[in-house]
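Chemist: Take this sequence and fold it.
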Amino acid sequence: MAVTAASYGDLRHLLPANYKRLIALWLEEDCPSFDYGGFVVGESEAGARLLGKSQGIVAGVPFFDEVFSQLGCTVEWHVKEGEPITPIKHCATVRGPIRKILLGERVSLNILARCSGIATKTSSLVSALRSHGWNGTLAGTRKTTPGFRVVEKYGILVGGADPHRHDLSSMTMLKDNHVWACANNRSAGDGAAGKSADSIAAAIPRAVHAAKAAAGFSTKVEVECCSIDEANAAIGAGADIVMLDNFTADGVRTAAKQLKETWAGKNKSFLIEVSGGLNETNAAAYVCSDVDILSTSSIHQGTGIVDFSLKVSLR
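Modeler: Predicted coordinates:
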């Protein structure tokens with residue numbers, strides 16, 4: 001069984017220092033000038049119950065905490081991050097000046113609801129894949145919301161999946177456009193058509209070698225492949241990961257098996273990733289012992305939320 005990051009410790013220790021700056025910016029966005037409602041309620045000490053109003057997994061605790069920390073409030077949690085809840089669940093208690101609680105209410109709930117929704121969707125797909133006996137890696141993609149990536153990737157981790165690469169510097173991924181550009185650049189002098197299947201496969205080794213020369217030994221290189229020929233070219237050139245993109249389920253099984261058999265015993269270590277339109281309705285059809293990674297944006301792009309609310313009471 002695959003082991004998740006959360007089994008090794010508190011996931012908040014992964015967070016970069018700049019997440020606190022993001023929280024400050026989000027608070028500023030929500031109240032860029034006068035706080036008229038806050039003026040009405042004043043600074044009386046109050047408490048507020050965080051209520052989970054729909055079923056799901058709680059995720060986003062450090063972001064929720066930081067919102068209220070920056071506002072001079074405290075948070076006491078009654079559930080653990082990653083814990084499933086059913087409505088209506090008293091998840092946490094926030095204490096502090098009532099104006100500050102209300103100032104942080106919408107920002108904190110928006111973050112928590114979205115992060116929890118991602119963790120819930122992720123956990124559901126992980127469980128579905130495990131039920132088919134597959135112990136490979138489910139990964140999110142870089143199709144994230146600008147400015148909100150750290151929260152979305154965090155939710156993926158809480159849900160038990162792999163966050164994949166976080167940015168363009170995390171791993172060298174040579175997608176079809178990169179390879180097409182290399183093919184065209186190489187053929188520009190002789191007038192050859194750069195986008196034929198043969199020219200693309202021929203350009204892959206050049207692209208892989210250039211990527212390894214630039215990124216060095218510490219950065220993995222992955223190549224997006226649309227055919228077995230392209231995958232063989234990538235593996236032969238030293239790619240660490242080949243992505244079988246937009247293959248059919250049967251095509252994946254055939255290609256993955258053939259690639260593993262072709263390169264067995266030839267001192268080539270590589271992983272096979274499958275991507276392209278995978279979601280909770282079809283991902284299980286792609287699992288087999290020769291596939292190492294399934295990557296999808298369905299666990300974090302366009303997902304639903306877990307509904308939370310804050311109910312304030314004077315104390």
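
Chemist: so what's Ile293 up against?
Modeler: Contacts here follow CB atoms under 8 Å, 6 or more residues apart in numbering; on that basis Ile293 touches Gly136, Thr137, Leu138, Ala139, Asp162, Ile241, Leu271, Ile272, Glu273, Val274. (C-beta placed from N, C-alpha, C; glycine too.)

Chemist: Mind jotting down where the strands sit in the chain?
Modeler: 45-52, 56-57, 74-77, 84-85, 89-97, 137-139, 172-174, 221-225, 241-245, 271-275, 293-295, 308-314 (DSSP state E).

Chemist: Make CSV out of those strands and add distance to Ala6 and mean pLDDT.
Modeler: As requested, those are arranged in CSV below (distance: least, CB to CB, whole Å; pLDDT from 0 to 100):
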stretch, distance to Ala6, mean pLDDT
strand 45-52, 19, 97
strand 56-57, 11, 98
strand 74-77, 15, 98
strand 84-85, 14, 98
strand 89-97, 18, 97
strand 137-139, 14, 97
strand 172-174, 26, 94
strand 221-225, 25, 96
strand 241-245, 24, 96
strand 271-275, 23, 97
strand 293-295, 19, 97
strand 308-314, 20, 92
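
Chemist: Most neighbours among the contacts of Ile293, which one?
Modeler: The residue in those with the most neighbours, by other CB atoms under 10 Å, is Val274 (29 neighbours).

Chemist: and that residue, bridged to which residues?
Modeler: Leu244, Leu294 (DSSP bridges).

Chemist: Confirm for me that it is in contact with Cys288.
Modeler: No: the pair Val274 / Cys288 is not scored as a contact, 9.4 Å apart, by CB atoms under 8 Å.

Chemist: joint contacts of the two?
Modeler: If you check Val274 and Cys288 against CB under 8 Å, 6+ apart, the residues they both contact are Val252, Ala256.

Chemist: What distance do you get for Ala214 to Val221?
Modeler: 10 Å (CB to CB, to the nearest Å).

Chemist: who's more crowded, those two?
Modeler: Shown here are Ala214 and Val221; by other CB under 10 Å, Val221 has more neighbours (22 against 10).

Chemist: contacting residues for that one?
Modeler: Met171, Thr172, Met173, Leu174, Val208, Ala211, Lys212, Ala215, Gly238, Ala239, Asp240, Ile241.

Chemist: Now find how far off-centre stretch 235-250 is within its chain.
Modeler: 20 Å (CA atoms, centre = their mean, to the nearest Å).
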